[in-house]
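Asker: fold the following and give me the result.
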Amino acid sequence: MQSEVCYVQGQHHEAAVSPGERYAGHRIGAYQRLSQGRRVSAVLHRACRRRARATCTSPSSSSRRSWSARDFSTPRTRSRCRYIPEKRIAIVTSSAGAAVHDMIRILRRRYPLAKVILLPVRVQGAEAPLEIAGAIRYAGKWKIGDVIITGRGGGSMEDLWAFNDERVARAIYECEIPVISAVGHEPDVTISDYVADARASTPSNAAEIAVPDQVELLRVLDSARSG
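Answerer: Model (predicted):
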């Protein structure tokens, strides 16, 4: 049995809507299964979303100091990531990068019962922060998954800067679903790592954190039966 992988396609639109509705929103559209080219039919509402026109703030310590310590010091009270097999894993990342394929491969190997739902976004550039934040808010509002993984593969600090954006940090901090931040490699640290429920050193490590290993689960079950 393999993990079911679904693709949630967003739609750009010039109509002005709230940031939480900028990504796909209300169910109109279709899921497209990525595994082996097969399709999963389902109905998905698409809310209008405005194409992001804002530009990212250039990397500077002054811009980070202006807000990073202002509203994120209050401890979050919702439940953290638990050692419970998650059935739906929502991934907010680029559909074209190697990171997403690594995560899907590991999720299939470790826990093939999981349903993987990909919400494709840009992960660098001027439009990336609004797309990432909107996708996280959408996944949280409509309970798309039991846990959310957001991140991207490695790159320069400028390439990773979308995950230092205040809008992305707020979306992660306010999300009711546990969020795992997986940005770059082990030495790379972004503000998203500080506000997420868990920080993964790489996207592959995030997949390992999100689900248990089926081999270990079977060993525990066999031990319980024999005991």
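Asker: for this protein, which segments are assigned as strands?
Answerer: 4-8, 31-33, 88-93, 115-120, 147-152, 179-183, 198-199 (DSSP state E).
Asker: and the third one, what does it pack onto?
Answerer: Using 3 or more C-beta pairs under 8 Å, 6 or more residues apart in numbering; DSSP states H and E as the contact criterion, the neighbours of strand 88-93 among helices and strands are helix 98-110, strand 115-120, helix 128-141, strand 147-152, helix 203-210. Using the backbone N, CA and C atoms, a C-beta is placed for each residue, glycine as well.
Asker: name the residues that touch the last one?
Answerer: With C-beta atoms under 8 Å, 6 or more residues apart in numbering as the test, helix 203-210 has contacts from 81, 86, 89, 93, 99-100, 102-104, 106-107, 110, 114, 147, 149, 151-153, 180-182, 198, 200.
Asker: try it again with 7 Å
Answerer: Contacts with helix 203-210, where a contact means C-beta atoms under 7 Å, 6 or more residues apart in numbering, come from 86, 89, 99, 102-103, 106-107, 110, 147, 149, 151, 153, 180, 182, 198, 200.
Asker: do the fourth one as well
Answerer: With C-beta under 7 Å, 6+ apart as the contact definition, strand 147-152 has outside contacts at 81, 86, 89-94, 97, 99, 103, 123, 132, 136, 139, 175, 177-183, 203, 206, 210.
Asker: run a quick check on residue 88 versus residue 115, I expect a contact.
Answerer: Yes - look at residue 88 against residue 115 with C-beta atoms under 7 Å: they come within range, at 4.9 Å.
Asker: so can I have CSV of the strands of the chain showing mean pLDDT?
Answerer: Below are the strands of the chain laid out as CSV (pLDDT from 0 to 100):
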stretch, mean pLDDT
strand 4-8, 78
strand 31-33, 31
strand 88-93, 96
strand 115-120, 96
strand 147-152, 97
strand 179-183, 97
strand 198-199, 96
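Asker: relative to residue 191, which of those is closest?
Answerer: Closest to residue 191 of the strands of the chain, according to C-beta to C-beta: strand 179-183, at 9.2 Å.
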